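[1] everything below, folded, please.
(chains A, B and C)
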Amino acid sequence: MHQTRKTHLILGVVVVAFAVFLMGVWIPLDTTTGVVETVRRQTVIGDSLAPMVAGVFLLIGGALVLLFERGSPDQPQVDMINLKFVGLVAATLAFGFLIMRYAGPLTVWATNMLSGGALEYRLLRDTAPWKYIGFFLGGVFAITGVISLTEGRLSARALGIGVAAILVMIALYDLPFDDLLLPPNGDV
Amino acid sequence: MTPLDYVWAGVLAVFQGPELFSLLGLPIPVTVVMILCGFLLGIAVGATPGLAGPIAMAISLPILISIFGFTPDALLPVMGFLIGIMKGATIGGAVPAILFNTPGTPDAYMTTLDGYPMTKKGQAKKALKVAHFASVTGDTFSDIVLILCAPFLAILVEAYLDLPEKTALLILSLSFIAAAVGGSPAKGLISTGLGLLAAYVGTGQDFYPRLSGGTDVLAQGFPLAAAILGVLIVGAVFHELALFWREKEGTRRAGPDEASSADQRLRVSDIRRLMPYISRSALVGTAIGALPGIGSTLAATLGYALGKRRHDRRKAEGDPGFGHGAPEGVAATEAANSSVSGANLIPVLSLGIPGNTAAVFLILAAESIGGFNPGPSVFNFTVDVVNPEAVIAFGLFTCMILANLMNWTIGGLFMRAMGVMTRVPKQILLPVVLILTLTAIYVQETNMAAVWFTLAFGLLGYGMRVLAISPLPFVIAFILGPKIEDSARQAFAATGGDAFFLLTSPVAALFMALSVLVITLSTRRKKGAT
Amino acid sequence: MTSVFKTALAALALAATATASLAQDWAPPGPIQLMIAFRAGGGADTQARLIAEELQNRHGWEVIPENVTGRGGLNMANELRGAANDGTVIGIAVTETLGYNLAAAPDAAMSPADFTGLTTTAGFQMGIVARTDRGWGSFEEMIAAAQGGETIRFGAMSPRLADLAYLLSNAQGVDFNIVEVQGGRAVMDGVNAGDLDVGFMAGIQRAGVAAGDLVNLASGLDVPLVQSPDAPVLPDLGVPFHAGGEFVFLAPAGLDPAAREAIAMAIAEIVQDEGNPAGEMISRAFGGSTVILGDDLTAHLQAQYDQAGELLAAASE
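    Numbering: from 1, shown residues only, chains lettered A, B, ... in the order given. As a prediction, the model looks like this:
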């Protein structure tokens, strides 16, 4: 092999640093009982012990990577272009979920502005067509977006597939069941 | 009730359960229909590159739960469906491996080595038949071992292990998984540590939800479905999408060269010739499957290697060697990777320790529905009061046997019809599957936070794949983490606060010593190998 | 319990005449979200889901159940407190959640005044239970064994019960190794597997006791158990508290009285009628319904909260 990659070096350092932060800062500050506690004159295990064990696993794992695998020839290559692509896919999904969450309430708000009514989305969340607005728009955006990203172009076919897939999902989850709620209607 | 009564009650629970409809006056029990549906779906997703059993299980679980509800009656139909998927996907995975040189599931990779050459020689149908026969034989053998072993192991554990020993046993399994899965023990430890940490956020015994930073979002911890499906499925989809995007249809698949001039029949003489390979591989696969965490990929590799050694010595002049289209190669691989699936359920049902993704999904189903907690107490054969969990356990065994029967009778036929599935384009399938999975999680959790968590865990899972860290220890640690903590807490309190409670009993001390040994040895081996 | 129940009914009858028309006219303005503070699949969860189904059948209200578990019901309480108080969000927990658990978690910054009690459904036949083949026929025999030097592992499924076990050991002059486990089912599994010697069981022991596999050594209440009336009660054993409690339906504070009345009555009618699946299940699993409503329930919840303070103080000495 030519030049050794630094993937393992970086991985080891990051994991060890995180483990130290976890055990030194996060656990002590964000847990109310220690590793062991005395309750009712009895010594019992506190809430800090288990996360500490997780920290020890990370510390040993990170240290082993640094000690034994730092120079290993079979290190994975981290491809920045790939990471960017996955980042874009995740961002598309995230934006789709935001649409899913807020499209319904926004439509209700707009309707109220136009008609002067006092509708509330929360009370309409199990009433068609309100309940489908967010899921439909957000879902179609997410599917079409990810297909387009992968294919490298926007196409009518991608949009068609998005619409068809979301309609099938509505038919699958919503139509047959009274007590199932599509996103975001369970917790608005 | 005697143990035999429990076995019979389990069988009846499957056949006398709620009936779906009656056919010619014969009531058709819903569980049987569910196993069949799961089985057919499993073959289809197994045959589709980019999909696999776990994805099908993830998407169907919330739908199934809403059909059957949160009652103990729901357990057998839902889990029967999952078992059907598990069995179907195992044989389905061989289809694209043989026809197109692309494994449908990761464990089918070794099947391509001889299966595709057979296709090129015009023996595609025969290769599929060999794969199916070997797979079903291995699977059936493995199930028999499971059914015979799990109850006895559970009774042994319950009779001889006290709280400290149970804690030590859980620690041993986790160390073993960390050390054995994913090639590098260091990365296994990292994956395990992350899984434990995720499991401990927001939980704990105190009224302050630990590690939540005081936020309400983290106070309830991460939902099981979000963590498992995020890391396992969303992460895998991200990875596949990135790979596909990089290759950009560079490799257009050619159709199989179906020159069916060759003899496509699987004859008795063939079976006689293949049986030694199948039985060896079945033994290897079952033994490996019984250990938690080691997947079917290793079993397939070992089975293939063993078969190759034997074949090199014994093959007749003129027969193809391994790698050049030997039916023995297909048989050795498929028998090995299929015989993992049954034995893999031994640690789940007897100890509550999931060994592979299918077991993880059975636990997810059991946790979501409730009323069945896989673990040694399941096989508590109470005499006066019926222990419903034991009935469910034997019902599950019945489901597995039924699924095997379906596999023997109609499995081969459906498998050979699934060639078309391999033509579904990935870049369309994967985004749809992604949204379907996330919708399924939302429907089950009814919480937008769960969807965001899943997305975050998906990115984590993708990162782990990029860094060649296996996500399986993460998932298993996430499931076992709370169990280990509870069990350690109880053992510590029960022994009156003995700081050395894990070392005072010989059995517990042995388990602890083995845990250390497993990790040190695997580190050594890795170091020696590089 | 029965006396409380009767006064409750009387109070209800009075209140009913005043608000009957209002309550009868009430209908939820949208689907009702039911937050269940218990894990899916257990008896408590099944009860809640059956009641939800029956509400839908009888009144056409759309009830959507959701499990919000963790921290002894405090996670559910926290979510419920901030929810809309128009009758579209209700929850089910145990009285212990608003009693001991709120009192023990000052960080949570909640009090019973943040909630409107709707109705209780069933009480706990809390017993101190061991396996029959452990060899103790009575509570005194267990104490004698402890005094003889045997280690006794005492299972408790909540901090409150652990406190009570501790007070019990103090009053009896022995030491228990108190083991806190998650959920009532885990106590029974532990006792059955021999991992625990004895533990608090809230009614789950019924079938086992009836079959003779388990024995109620003592009542965890201040009244005798229905199933084992001869077992001593906690105050007789030197503990001036009791481990009793009920399942309780709650809504956020400030719920409209008409809505409170309508929902509470609807649930109370279901749990008291054994002719529907929910009522049948409650009678089978919990030995019958216990209904406390209206102002009595408000007072009952407040009393549990106040008493929890005394218990916490006593157990931390």
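
[2] got phi/psi on residue B:385?
    For residue B:385, the backbone dihedrals are phi -100, psi 140 (criterion: degrees, to the nearest 10).

[3] an error on my part: the question was meant for residue A:177.
    phi -120, psi 130.

[4] my guess is it contacts residue B:66. True?
    Yes - the pair residue A:177 and residue B:66 passes the contact test of C-beta atoms under 8 Å, sitting 4.9 Å apart. Where you see a C-beta, it was placed from the backbone N, CA and C, and this is true even at glycine.

[5] so those two - more neighbours on which side?
    More neighbours surround residue B:66 than the other of residue A:177 and residue B:66, with 18 against 14 (other C-beta atoms under 10 Å in any protein chain shown).

[6] and the more buried one, what element?
    Under the criterion DSSP states H and E, the helix or strand holding residue B:66 is helix B:53-68.

[7] one more: residue B:138?
    Counting by DSSP H and E, residue B:138 is part of helix B:124-160.

[8] measure how far the lengthiest helix in chain A is from the centre of its chain, please.
    In chain A, ranked by residue count with DSSP state H as the criterion, the top helix is helix A:80-115. What separates the centre of helix A:80-115 from the centre of its chain is 14 Å, taken as C-alpha atoms, centre = their mean, to the nearest Å.

[9] chain C contacts on chain A?
    Counting by C-beta under 8 Å from any C-beta of the partner chain, chain A comes close to chain C at A:32, A:39-42, A:44, A:120, A:122-126, A:178-179, A:181, A:186.

[10] which pair of the residues you listed spans the longest distance?
    By the measure C-beta to C-beta, A:41 and A:124 form the most distant pair in these, at 56.5 Å.

[11] rewinding a little: the helix holding residue B:66 near chain A anywhere?
    Yes - using C-beta under 8 Å from any C-beta as the criterion, contacts between helix B:53-68 and chain A involve B:62, B:63, B:66, B:67.

[12] so for the helix or strand following the helix holding residue B:138, mean pLDDT?
    Going down the chain from helix B:124-160, the next helix or strand is helix B:163-180, by DSSP H and E. Mean pLDDT, helix B:163-180: 89.

[13] what's the very next helix or strand once past helix B:163-180 packed up against?
    The C-terminal neighbour of helix B:163-180 among helices and strands, as given by DSSP H and E, is helix B:185-200. Packing contacts for helix B:185-200, counted by 3 or more C-beta pairs under 8 Å, 6 or more residues apart in numbering or on different chains; DSSP states H and E, involve helix A:7-21, helix A:49-68, helix B:163-180, helix B:448-466, helix B:472-494, helix B:506-529.

[14] okay, the residue in the stretch 51-200 of chain C that chain B sits nearest to: pLDDT?
    Nearest residue of the stretch 51-200 of chain C to chain B: residue C:105, at 3.4 Å (C-beta to the nearest C-beta). At residue C:105 the predicted local confidence, pLDDT, stands at 89.

[15] what residues of the helix or strand hosting residue C:284 count as buried?
    Remark: residue C:284 resides in helix C:277-286, with elements defined by DSSP H and E. Of the residues in helix C:277-286, C:277, C:278, C:279, C:281, C:282, C:283, C:285, C:286 count as buried by neighbour count, 16 or more other C-beta atoms under 10 Å in any protein chain shown.

[16] apart from its chain neighbours, what residue comes closest to the first one?
    Spelled out, that is residue C:277. Distances taken as C-beta to C-beta, 6 or more residues apart in numbering or on different chains put residue C:50 closest to residue C:277, at 5.1 Å, once the chain neighbours are dropped.

[17] how about the residues of chain C by chain A?
    Looking at chain A, the residues of chain C close enough under C-beta under 8 Å from any C-beta are C:29-31, C:62, C:64-66, C:84, C:88, C:107, C:162-163, C:166, C:177-178, C:180, C:315.

[18] now the buried members of these.
    Using 16+ other C-beta under 10 Å as the burial test, those include C:30-31, C:62, C:64-66, C:84, C:88, C:162-163, C:166, C:177-178, C:180, C:315 as buried.

[19] so which of these also contact chain B?
    Residues shared between these and the neighbourhood of chain B are C:64, C:66, C:177, C:178, C:180 [C-beta under 8 Å from any C-beta].

[20] OK, contacts around the fourth one?
    It stands for residue C:178. A:40, A:42, B:493, C:154, C:156, C:162, C:165, C:166, C:169 (C-beta atoms under 8 Å, 6 or more residues apart in numbering or on different chains).

[21] circling back: the helix holding residue B:66: how far from the chain's middle?
    Mean-position distance between helix B:53-68 and its chain equals 15 Å (C-alpha atoms, centre = their mean).

[22] distance of residue B:167 relative to chain A?
    Here the distance between residue B:167 and chain A works out to 11 Å (C-beta to the nearest C-beta, to the nearest Å).

[23] before we move on, which element is the residue nearest to residue A:159 when sequence neighbours are not counted in?
    Counting by C-beta to C-beta, 6+ apart, the nearest residue to residue A:159 once its immediate chain neighbours are dropped is residue A:144, at 5.0 Å. Residue A:144 belongs to helix A:130-151 when assigned by DSSP H and E.

[24] quick check: angle from that helix to helix A:80-115?
    150 degrees (axes from the mean of the first three to the mean of the last three C-alpha atoms, to 10 degrees).

[25] pLDDT on helix A:130-151, on average?
    On average, the pLDDT along helix A:130-151 is 95.

[26] which parts of whichever helix or strand comes after that helix are buried?
    The C-terminal neighbour of helix A:130-151 among helices and strands, as given by DSSP H and E, is helix A:156-169. Neighbour-count burial for helix A:156-169, with 16+ other C-beta under 10 Å as criterion, is recorded at A:158, A:159, A:161, A:162, A:165, A:166, A:169.

[27] closest one of those to chain C?
    With C-beta to the nearest C-beta as the yardstick, the closest approach to chain C among the buried residues of helix A:156-169 comes from residue A:169, at 19.1 Å.

[28] where in the chain is pLDDT low?
    No chain was given, so I picked chain A. A:1-4 (pLDDT under 70).

[29] try again with chain C
    Looking at chain C by pLDDT under 70, you get C:1-22.
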